[in-house]
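Asks: sequence plus predicted model, see below.
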Amino acid sequence: MAGEKAVKVYGWAISPFVSHALLCLEEAGVEYEHVAMSRTAGDHRRPEHLARNPFGKVPVLEDGDLTLFESRAIARHVVRKYKPELLREGDLKESAMVDVWLEVEAHQFYPVALAVVVECVFAPLLGRTRNQAAVDENVEKLRAVLEVYEARLGRSRFLAGDFLSLADLSHFTMMHYFMATEYASLVEGLPRVKAWWAELAARPAARKVAAFMPPSFEAPKNEE
């Protein structure tokens with residue numbers, strides 16, 4: 001994006017955590033600058049980045065004079081400031097349900113989906129053999145989680161209710177990589193989850209961010 005932007009995101013966009021921040025910015029219609037970094041070059045360990053995040057992780061968001069790290073905190077800030085309807089904070093009941101499903105994503109969906117993605121997508125790229133026992137264990141755990149989602153989506157169009165929220169969006173980047181594995185059939189076999197995912201993935205913001213996230217994990221040259 002041309003010109004100096006007040007909002008900047010630092011990190012490599014193939015990361016599901018960085019792309020989560022980008023997705024929220026795109027969904028909220030915020031103009032921002034993505035400052036590409038190279039993991040292999042160790043950009044995240046350089047003093048200037050450690051000044052932004054002392055843990056040396058990505059993403060980092062700069063919004064004017066505010067600097068934030070941790071992707072979930074960044075996501076909440078972005079939607080709270082720029083598209084608060086995604087948190088439904090004007091309605092106590094609806095906002096409580098958004099909070100519930102944000103917690104479900106963080107504690108029920110994310111750990112098991114990540115475990116499958118790490119073994120099926122990351123392990124070959126890291127030159128190690130897939131731990132199939134870990135895959136099998138976590139696929140079964142994820143199956144149980146998605147069956148709960150299937151029941152929930154039988155009562156509402158989206159997870160927190162009949163409205164899109166950050167709770168839905170928070171699933172996108174990890175789900176994107178999961179759907180590139182041979183275990184995507186878990187989703188295909190649950191018609192309500194399948195429809196929910198298809199609607200989420202078809203959103204313009206999701207389609208744009210997905211272009212930054214090839215399942216091959218081939219980063220642009222400036223992010224290698």
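Replies: Good, I have the coordinates.

Asks: what's near enough to touch the closest residue to Lys83 other than its chain neighbours?
Replies: Leaving aside its sequence neighbours, Lys83 sits nearest to Ala28 (Cβ to Cβ, 6 or more residues apart in numbering; 3.8 Å). To be clear about C-beta, it is placed using only N, CA and C from the backbone, and glycine gets the same treatment. Counting by Cβ atoms under 8 Å, 6 or more residues apart in numbering, Ala28 touches 78-79, 82-83, 86.

Asks: okay, those residues in CSV with pLDDT next?
Replies: CSV is the format used below for the contacts of Ala28 (pLDDT from 0 to 100):
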residue, pLDDT
Val78, 98
Val79, 98
Tyr82, 98
Lys83, 98
Leu86, 98
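
Asks: now, those residues that are in helices?
Replies: Those of these mapping onto helices are 78-79, 82, per DSSP state H.

Asks: who's in contact with Ala106?
Replies: By Cβ under 8 Å, 6+ apart, the contact set of Ala106 is 72, 170.

Asks: now the ones in helices among the contacts of Ala28 in a markdown table, with neighbour count?
Replies: As requested, the ones in helices among the contacts of Ala28 are arranged in a markdown table below (neighbours: other Cβ atoms under 10 Å):
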| residue | neighbour count |
| --- | --- |
| Val78 | 28 |
| Val79 | 23 |
| Tyr82 | 16 |
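
Asks: which member of those residues is positioned nearest Glu70?
Replies: For the ones in helices among the contacts of Ala28, the minimum distance to Glu70 (Cβ to Cβ) is 12.4 Å, reached by Val78.
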